[in-house]
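> sequence plus the predicted model coming up.
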Amino acid sequence: MMEMTVSLLPLTFLLPLAGTLLLAFSAGRLGERGAVWIGTGSVGLAALVTALVGADFALGNAGPQTLTLYTWIAVGEFAPSIGLRLDALSLTMLSVITGVGFLIHWFAGWYMRGEEGITRFYAYMNLFVFSMILLVLGDNLLLLFLGWEGVGLCSYLLIGYYYQNAANGAAAMKAFIVTRIGDVFLAVGLFLLFTQFGTLDIAELVTRATQAWSAGEPLAQLAALLILGGALGKSAQLPLHTWLADAMAGPTPVSALIHAATMVTAGVYLIARMHGIFELAPAVLYLVGMIGAVTLLMAGFAALAQTDIKRVLAYSTMSQIGYMFLALGVGAYSAGVFHLVTHAFFKALLFLAAGAVIVCCRHEQDIRRLGGLRRRLPLAYLSFVVGGAALAALPLVTAGFYSKDEILWQALAAEQQGLLIAGLLGSLLTGLYTLRLIVGIFHGEPKSKAAENAQPGRGPQHSVPLLVLAVLSTLLGAWLRPDLSAVFPAAPGADAHAGHTAVQLIASATAIIGILLGAWLFLTQGPKLARLAAEGAGAFFWRWWHRAFGFDGLYDRVLVRPFLGLVQSLRRDWLDAFCGLAGQLALVLHAGLSRSQNGQLRHYAIATVVGATLMVVILARA
Amino acid sequence: MSGIPMEHGLMVASALFAIGLAGLMVRRNLMFVLMSLEIMLNAAGLAFIVASTAWAEPHGQVMYLMVITLAAAEASVGLALVLQIYRHFRSLDVDAVSQLRG
Amino acid sequence: MILAGLILIPFLGGLLCWQGDRWGEAPRWIALATMVAVLVTALALWAGADFRLADPGAAAWLRELRLPWIPRFGIELHLALDGLSLVLIALTGFLGILAVLCSWKEVQEGIGFFHLNLLFVLGGVVGVFLAVDLFLFFVFWEMMLVPMYFLIALWGHSEPGGKTSTYAAVKFFIYTQASGLLMLAAILALVFAHQAETGELTFSYEALLATTLSNELALLLMLGFFIAFAVKLPVVPLHGWLPDAHAQAPTAGSVDLAGILLKTGAYGLLRFALPLFPEASAQFAPVAMGLGVFGIFYGALLACGQKDIKRLIAYTSISHMGFVLIGIYSGSTLALQGALVLMVAHGLSAAGLFVLSGQLYERLHTRDMTRMGGLWGRLGSLPGFSLGFAVAAVGMPGTANFVGEFMVLFGTFPAAPWIVVLASGGLILSAVYALTLMQKVYFGPAQKSSPLPGLDVREYSMMLGTFALVLLFGLYPQPLLDTTGAVMSNVQRLFEVPAVSSTFNLGGK
Amino acid sequence: MELAFYASALVALLASLGVVTGTNPVHALLYLIVSLISVALTFFALGAPFAGALQVIVYAGAIMVLFVFVVMMLNLGSDASAQERAWLKPRTWVGPSILAGLLLLALLGTLLRGDVARVIGGTSIDAQAVGGLLFGPWLLVVELAAMLLLAALVTASHLGRDAEPDRASGGES
């Protein structure tokens, strides 16, 4: 029985692929119900298979192993194969992708009801799950890169799903191109590693690297930096983060699946998977931590100043991933992955709840026009409260607390006080913007007709995913902590326990302060805050944070506009025109010479005589 | 009776040829052009005869015969053309006849 | 004898089509049958042959046909087939079928003469891939041009107010003809140098391989060959003819042009320029790679700015061919194999994109992208396929373009890391132009909402077949790689001579 | 014999100058005839009686008569000479004559530097020798010359045909 389940592993990605092909080639003959059933069914079955394999793995029947299907390319030493790596890390990621993915697919059936082109939606979603699974299971970097680009493509297609509106298309292109820049860094990293070690197999690569390179080796740092570049692009960390906020143009389930639970965490997975290389480049590892901390704070402030529900959640995702990068930076890989898992649960919950609110309020996304939905949308309110609590890391009760606290503790254990302080400040900010969001939507008076007569969503497709995710975001979620000791080296705080409880106390204190302060501020001080944000320094900060510290505008002016100018100036092919000069020259010569044929007989006679004289003179002299 | 050095003969022929040539280029009346042409042809014939008698070879005179036939043919066609041109253009000005412009 | 057959089939087919004009649609079927015959012969040869690495050094031809043609000058009808030419002939066969199919409804007048030209172009190309006698090679090289000229000039669409189709055809002809002249001069010089050295006047490839040339002469002759192939491959400064030719050519013409004629340039480099002048090519390699990188960026930048859809695709081919050039001059077997896979992949994906733009033209009667937009829901499965091919143009993993491009980059990295870093910058631009194509044509606000006719069976099967091939070679390129393994390692062995010293000295493995 | 040659050569040169600079076509024509006859005299002086005779009969006789006819037909009388004088302004004839002079100098230069010091003695070549040659190796050329003349005859007659018919038919030429 043991080997049988592992051999089922390829089913996990073949099922979504089959779903995609079925939906793509059905060309609309399937109708909405058929599309939902196939789309959700394929991911559901994949989740089931993952559960089976996971059970086997947990019971110890099937140890970590690599299942090679066939050799993809074989040219001399360059022989990447289509191989699936099964170990604790890939299994955790797989279960998150298929589990949360299934719930989101199920909810999307309700969310997308009545939309035209729903087969196209589910085809892309299944293709996304297929690529994400390949990314996670790939045992060599080229297969990982296949998944890496596949998810980028699907994120482009899904962000641009409502293609009638050109702005969505622009947002989708922006997302694809910014992540593509990251991918190029990763690609160059691949070339470097292959040239050095002649293999792309991750395990083999790490062992050869640790033998060949000593810590701090310039080439190791370069390779790590390049891999980090790729991770930054995909996980929307500073400086390649500007695409995530605009990526909210896609349908909400897409944001839930891609821009909260799975794709944006691919960068974290990559760094965790390649931790061997990063161990050899401590400076780069520290940089990872720094980037995480800075992004964490920046995104926190930005989330405070957004008016669109989904953009608040987008910046909050960016901030939470900052936490994961911080964890990786201090060497606490398992803490980072644990936070990844819990974050997937409560952030997917928040996004789905936001989706429910948006659909019920007839696609109204602006907080300023919502309000007072507490009694109208009870389930949505409940999920927002549970998700928000987990996000703000409400002590003891929520899963978010355990994972975030673990990260802060590991930061202290690794003597990174700076990162710890950033983390604490970040959790304060998180509390503030979460409360602002929940109060803005559910408390106070409904500020628009849509909000007034919002009807709560009905049916299992709407309620069950929300409830399941809500449960997972609480204490239960924390118990599902994956045991990654086999995959990662010991975390810094593994043995030293001094100060662990102290950090837990401080962390929970800041979380509670953040929540209470948020509640007091936004419940009672609403008008005063509005006045503060309207004049002088307040207005400046509000606009500055609203535009997320102006990175987007900066990139637009420094990179995008010059590029478009260059493209515009090159619209007429100069080099072709340059080669065309030969043609012009011929025409000019023709015009000149034809003037000499003016039909005057005497003119010709003189010309002949001149020629004759020249000839005679030359012959005479020779 | 020391005889005439060949160069003198040829010099005369060249002089005649140059005069004919100048006439060809200068005159704008078609008749004069034809006449100067005749002079040039005649100069060529003279050169042949000078060379023939210098080398005591009759071939020169045969060539002279050819020159004359050429001159005759050319003159007849030339004059016929002149007639047509005069009838068509009402004048013998060479420059008037310049339709074949590039 | 099969080789002579391979060449004669298209030419006889062409004549039959010409005569078949009297019976209405007959030329189309004859042309289709001819191209199927070529493809089937190629596949039969492929199946029957084994490609184990023959003894290194000896040019291991799979099939050879040697007949004296002009003994006085040592010119013989010497046709030879090996892995490289076999793959390219199979590609020619497939794209020929594509070209015939896609002009089923598009070409209505002068059907016989159209198919005559089409088959003569393909016959010329097959001749180029098979000819191993330099003189015969040059004959086929020039023979390709004339029918192509007629295809573009007579059946092309001229831009209203812009460049006419004859302009594009004449430009195409002059570019290739002038560069062909340089090659002829180089061939003759080589032959005379060989005669001076060994006393025997011959145009045969093996004999000329052995001539030892002084350094400057070798560089000069190599440049003669390089320029001729650079015009055909379009290396940037000499690329002027390609966008015009594509914009004005009929779809079948574009498919041939992009699919096969560009490959003759690359094939020429691999078969003649590199082996005949190894040291000169090695010295010239950095310059060629620099041109390749410049070509990638220049092609991509111009592709982003185009309004005409076929012109955009033409510039993307220039950008892709930049990668091929880098692969060819990198001097590593991996990169050379990658260059070949990229050639096949680009042949298929560019042909696909051109067929689609042809079908768009049949429905919308315009190639101007500003008058398209929001076509996604209106054209049945046509947008789906063009999304697939645009994704292939981006070089998405899983498509053959990715395998080709990344093998080229992996292979060239040890030799020239900075070239590879710049070239991978081009990957970003490839994403920009492919997505711009999709945004401008299929996404965005729809200008009219009336549904347009979708794909009929012929078009659907054509697109499905091509896209399936692109995916097949993307996921399982091994058959391609085994076929050309021997040839590429021979070419690579020529570069064993002091390889290009990499500027960024990496601690080698 | 030398005296005759030099004298007639001088006359020929002067007559040709007269032709070239003459304003009245008829006078120029007469000068031309004088020049041709003086050249015929040089032939006799040089000892080529057959050529001289030909020159007088064919060249001076036939061709010049043709010229005279044409001049008479076009009645280029005195009014033409006024026209000629207008056209012969110094500006027009200076350039070409310098050019012709240059050519002459070049020719003379080559002749003077020539080392062939052949002298024409009194040996005359009579018509019989020339005749033998004409029907000897030169037979083909003579036939060709005959055909040339025939062609010229046909052309001249066709071109010279008076355009009466089309003027008679409405004169819309």
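Thanks, I have the structure now. Note that the structure is a prediction, hence the values are computed from the model and not measured.
> going forward, measure contacts and count neighbours with C-alpha atoms only.
OK.
> what are the ranges of the strands in chain C?
Secondary structure of chain C (DSSP state E): strands at C:63-70, C:75-81.
> same question, chain D
So, for chain D - with DSSP E - the strands run D:119-120.
> who are the contact partners of residue C:309?
Counting by CA atoms under 8 Å, 6 or more residues apart in numbering or on different chains, residue C:309 touches C:357, C:367, C:368, C:369, C:437.
> out of those, which is most surrounded?
When those are compared by neighbour count (other CA atoms under 10 Å in any protein chain shown), residue C:437 ends up highest, at 23 neighbours.
> check contacts around that residue.
C:309, C:312, C:390.
> try 10 Å
Residues near residue C:437 by CA atoms under 10 Å, 6 or more residues apart in numbering or on different chains: C:303-304, C:306-307, C:309, C:312-313, C:369, C:386-387, C:390, C:431, C:443.
> what sits against residue C:316?
Residues near residue C:316 by CA under 10 Å, 6+ apart: C:243, C:296, C:298-304, C:310, C:322, C:346, C:350, C:393-394, C:429-430, C:433-434.
> quick one: is the longest helix along chain B near chain D?
For chain B, the helix with the greatest residue count under DSSP state H is helix B:59-89. Yes. Using CA under 10 Å from any CA of the partner chain, helix B:59-89 comes into contact with chain D via B:59-84, B:86-88.
> which PyMOL command selects the buried ones in the residues you listed?
Applying 16 or more other CA atoms under 10 Å in any protein chain shown to these leaves a buried subset, and the PyMOL line that selects it is:
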select buried, chain B and resi 59+60+61+62+63+64+65+66+67+68+69+70+71+72+73+74+75+76+77+78+79+80+81+82+83+84
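> count the neighbours of the residue lying closest to residue C:236 once chain neighbours are set aside for me.
Of all residues not flanking residue C:236 in the chain, residue C:295 sits nearest, at 5.0 Å (CA to CA, 6 or more residues apart in numbering or on different chains). Counted with other CA under 10 Å, the neighbours of residue C:295 add up to 27.
> right, and chain B sits closest to which residue of the stretch 351-500 of chain A?
Here the stretch 351-500 of chain A gets closest to chain B at one residue, residue A:363, 75.7 Å apart by CA to the nearest CA.
> lowest average confidence across helices and strands of chain D, where is it?
One helix or strand of chain D scores below all others by mean pLDDT, DSSP states H and E: helix D:164-168, with a mean of 47.
> got a list of what the nearest residue in space to residue D:42 that is not next to it in sequence touches?
Nearest non-adjacent residue to residue D:42, counting by CA to CA, 6+ apart: residue D:5, 4.8 Å away. Counting by CA under 10 Å, 6+ apart, residue D:5 makes contact with B:4, B:9, D:11, D:38, D:39, D:41, D:42, D:43, D:44, D:45, D:46.
> could you single out the nearest of those residues to chain A?
Distances from chain A to those, taken by CA to the nearest CA, are shortest for residue B:9, at 18.9 Å.
> tell me the mean pLDDT over whichever strand or helix holds the closest one?
Following DSSP states H and E, one finds residue B:9 within helix B:6-26. Across helix B:6-26, pLDDT averages out at 89.
> so is it next to chain D?
Yes. Shown here: helix B:6-26 in contact with chain D (CA under 10 Å from any CA) through B:6-26.
> returning to what we had before: nearest to chain A, of the contacts of residue C:309?
Distances from chain A to the contacts of residue C:309, taken by CA to the nearest CA, are shortest for residue C:437, at 11.3 Å.
> how near is the closest one to chain D?
In this view, residue C:437 and chain D are 66 Å apart by CA to the nearest CA, to the nearest Å.
> quick check: that residue vs residue A:253, distance?
As judged by CA to CA, to the nearest Å, residue C:437 and residue A:253 stand 27 Å apart.
> before we move on, back to that, most packed of the strands of chain C?
Mean neighbour count (mean count of other CA atoms under 10 Å in any protein chain shown) peaks for strand C:75-81 among these, with a mean of 22.
> can you name every helix or strand that it contacts?
helix C:2-20, strand C:63-70, helix C:83-102, helix C:111-130, helix C:134-143 (3 or more CA pairs under 10 Å, 6 or more residues apart in numbering or on different chains; DSSP states H and E).
> any idea of the pLDDT on residue C:339?
Residue C:339 is given a pLDDT of 93.
> and stretch B:90-97, average pLDDT?
Stretch B:90-97 shows an average pLDDT of 75 in the prediction.
> sorry, that was for stretch C:303-315
On average, stretch C:303-315 scores 90.
> and the end-to-end length of that stretch?
Across stretch C:303-315, first to last residue, CA to CA, it's 5 Å.
> okay, now the unreliable bits of chain C?
Applying pLDDT under 70 to chain C flags residues C:50-60, C:496-509.
> contacting residues for the spatially most central residue of it?
Taking CA atoms, centre = their mean as the criterion, residue C:263 is the residue nearest the geometric centre of chain C, at 2.3 Å. By CA under 10 Å, 6+ apart, the residues touching residue C:263 are C:88, C:91-92, C:125, C:129, C:229, C:232-233, C:257, C:269, C:321, C:324, C:340, C:343-344, C:346-347.
> mind listing what's buried in whichever strand or helix holds residue A:68?
Using DSSP H and E, residue A:68 falls within strand A:65-71. Within strand A:65-71, the residues scored as buried using 16+ other CA under 10 Å are residue A:67.
> cool, stretch A:13-27 as well?
A:13, A:14, A:15, A:16, A:17, A:18, A:19, A:20, A:22, A:23, A:24.
> now the second one: closest residue in space that isn't a chain neighbour?
In space, not counting the residues next to it along the chain, residue A:14 is nearest to residue A:130; the distance is 7.3 Å by CA to CA, 6+ apart.
> and the helix or strand where that neighbour lies, what other elements does it pack with?
Assigned by DSSP H and E, residue A:130 belongs to helix A:118-137. Counting contacts by 3+ CA pairs under 10 Å, 6+ apart, helix A:118-137 packs against helix A:9-26, helix A:31-58, strand A:81-86, helix A:88-111, helix A:141-159, helix A:252-256, helix A:266-273.
> nearest to residue A:117, out of the ones you listed?
Taking CA to CA, helix A:31-58 is the member of the helices and strands packed on helix A:118-137 nearest to residue A:117, at 8.6 Å.
> between that closest one and helix A:88-111, how many degrees?
Angle, helix A:31-58 to helix A:88-111, by axes from the mean of the first three to the mean of the last three CA atoms, to 10 degrees: 160 degrees.
> and helix A:31-58, is it in reach of chain C?
No. Counting by CA under 10 Å from any CA, no contacts exist between helix A:31-58 and chain C, the nearest distance being 15.3 Å.
> packing partners of that helix?
helix A:2-7, helix A:9-26, strand A:81-86, helix A:88-111, helix A:118-137.
> burial check on residue A:211, number of neighbours?
Residues lying near residue A:211 (other CA under 10 Å) number 9.
> I'd like the distance from it to chain D, if you could.
92 Å.
> got a list of what that residue touches?
residue A:205.
> which helix or strand contains it?
Using DSSP H and E, residue A:211 falls in helix A:202-212.
> quick one: the residue of the stretch 1-150 of chain C at minimum distance from chain D and residue C:189, what's the gap?
Relative to chain D, the nearest point of the stretch 1-150 of chain C is residue C:72 (38.2 Å; CA to the nearest CA). Distance, residue C:72 to residue C:189, by CA to CA: 17 Å.
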